[in-house]
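Student: Sequence plus predicted model, see below.
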Amino acid sequence: MCQAYAESHGITFNCNKAVSMTFKAKSAKSILTPLLTLGGQYVKSVDQYKYLGIVLDTELSDDKDIQRQLRYQYCAANKMRASFSRCSNAVKTYFFIPFVRPCTHHNYGVISGSHACRDCVWHIIGCRALYNLPWRASVSSHQVQYNIPTFEALLRKYT
């Protein structure tokens, strides 16, 4: 159908860029993916694909995309630490507060316990890194001292 539409409207498909993905039901152990062709060329079948900035996979799970966002948050926290290492704690707090929004909640609505735990750990590690706190130092007392919202407070706010 796609090939007929393309021919009637003067469209050509680039099979080197096109991919296909079969979404699987959770109850299905394995499913055979049919071989698709466009214009006599086979279309590559993939298990995951990044579309509009979101990683889709065949199991309809958002775990890979959440992991990607958490990696981005760790990278951004390291960049903030490098950029603001010589600034006062007041300046660090000014830039850190808008930055610490729970990353998984923003895109996915209600998040599961394991994702919230990973997000909370990122929040604590990011705070420790930016303020050069020792590994065993209490992050919550530092947050109270500099009026930085805790992860739980942010989660309530964005819910």
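Tutor: Nice, I can see it. Residues are numbered from 1 along each chain as shown.
Student: residue ranges of the helices in the protein, please?
Tutor: In the chain, the helices defined using DSSP state H lie at 2-9, 63-83, 89-99, 103-108, 113-130, 139-145, 151-158.
Student: and these, which one is worst for confidence?
Tutor: Of all the helices of the chain, the minimum mean pLDDT falls on helix 103-108 (a mean of 46).
Student: ok, K50 - how many residues close by?
Tutor: Other residues near K50 number 11, with proximity taken as other C-beta atoms under 10 Å. The way it works is simple: take the backbone N, C-alpha and C, and place the C-beta from them, glycine included.
Student: what sits against it?
Tutor: Residues in contact with K50 (C-beta atoms under 8 Å, 6 or more residues apart in numbering) are L56.
Student: With the one 10 residues further on instead?
Tutor: L60 makes contacts with 23-24, 26, as judged by C-beta under 8 Å, 6+ apart.
Student: my read: I148 touches T93, true?
Tutor: Yes: using C-beta atoms under 8 Å, I148 makes contact with T93 at a distance of 6.0 Å.
Student: Those two - which one has more neighbours?
Tutor: Shown here are I148 and T93; by other C-beta under 10 Å, I148 has more neighbours (22 against 18).
Student: And that one, how far from G126?
Tutor: Look at I148 and G126: by C-beta to C-beta, to the nearest Å, they are 10 Å apart.
Student: How about K157?
Tutor: Distance from K157 to G126, by C-beta to C-beta: 17 Å.
Student: ok, those two, which is more surrounded?
Tutor: G126 (21 against 11).
Student: quick one: the residue nearest to the more buried one when sequence neighbours are not counted from E7, how far?
Tutor: Distance criterion C-beta to C-beta, 6 or more residues apart in numbering; nearest residue to G126, sequence neighbours excluded, is A77 at 3.8 Å. Computed as C-beta to C-beta, the A77 to E7 distance reads 51 Å.
Student: Return the set of buried residues in stretch 69-76.
Tutor: 69-70, 73 (16 or more other C-beta atoms under 10 Å).
Student: Look up how far T33 lies from the residue most central in space within the chain.
Tutor: Centre of the chain computed as the mean C-alpha position; nearest residue by C-alpha atoms, centre = their mean is Q69, 2.5 Å away. Counting by C-beta to C-beta, the gap from Q69 to T33 is 28 Å.
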